[in-house]
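Asker: quick one, what's the 3D model for this:
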Amino acid sequence: MFLLCSVGGQPVNESLMELLVVLDALKRSSPKRITSVIPYYGYARQDTILWPRVPISAKLVADLLAAAGATRVITVDLHAAQIQDFFNIPLDNMIATGVLADYLRVKDLQNVVIVSPDAGGVKRASKFRELMIEHHETPCIAVISKQSARAGVVESMQL
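Answerer: So this is what the prediction gives:
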């Protein structure tokens, strides 16, 4: 059985709870397998410990999905590869970069600039740039430098 549900709607907590409740209902119908397809994995950015006593919510969500009944999870472009290690059930992280590059190639775009939303995304932007080079003049890469006032609140941004 496949269940398609994004954990990214607003508010994220309601999307997550809805997914967990549906997984539990499906589990009670005794299917052999339940594969949860999650195009957007909410809480994916909460994947590291920045200071003591901070939760790793991405791991907690992985545990909740398994406890609710998922036997496999399919995601698209996780925020960080390390999230795959948080799962105690099989996880398939589908990478959409190639599909997006193919789509943009046929558009015959000029003056392409690939923008990384932060320093952590430069590696992904560089890989995407390599895919785009095949059919374009060499695309430029721009990086946004963000200064945060506190978690989730951006004070200033520079390109």
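Asker: any idea which element residue 73 lies in?
Answerer: strand 72-76 (DSSP states H and E).
Asker: quick one: residues in contact with that strand.
Answerer: 33-41, 62, 65, 87, 89-96 (Cβ atoms under 8 Å, 6 or more residues apart in numbering). For the C-beta atoms, the positions are set from N, CA and C on the backbone; glycine is no exception.
Asker: quick check: the residue nearest to the spatial centre of the chain vs residue 84, distance?
Answerer: Nearest to the geometric centre of the chain sits residue 78, at 3.1 Å (Cα atoms, centre = their mean). Using Cβ to Cβ, to the nearest Å, residue 78 is found at 7 Å from residue 84.
Asker: do residue 58 as well
Answerer: 10 Å.
Asker: more neighbours: which of the two?
Answerer: Ranked by neighbour count (other Cβ atoms under 10 Å), residue 58 and residue 84 place residue 58 first, with 22 against 14.
Asker: quick check, the more buried one in contact with residue 64.
Answerer: No. Residue 58 is beyond contact range of residue 64, at 10.9 Å (criterion: Cβ atoms under 8 Å).
Asker: can you flag the buried ones in the contacts of strand 72-76?
Answerer: For the contacts of strand 72-76, a burial check counting by 16 or more other Cβ atoms under 10 Å picks out 34-38, 40-41, 62, 65, 87, 91.
Asker: ok, residue 147 touching residue 155?
Answerer: Yes. Contact between residue 147 and residue 155 holds when scored by Cβ under 8 Å: they sit 4.8 Å apart.
Asker: now do the contacts for the residue nearest to the centre of the chain.
Answerer: By Cβ under 8 Å, 6+ apart, the neighbours of residue 78 are 41, 44, 84, 93.
Asker: need the max-distance pair from the buried ones among the contacts of strand 72-76.
Answerer: Across those, the longest distance by Cβ to Cβ is 18.9 Å; it joins 34 and 40.
Asker: residues near residue 80, how many?
Answerer: 13.
Asker: from residue 86, how far off is it?
Answerer: Distance from residue 80 to residue 86, by Cβ to Cβ: 10 Å.
Asker: for residue 70, phi and psi?
Answerer: phi -70, psi 130 (degrees, to the nearest 10).
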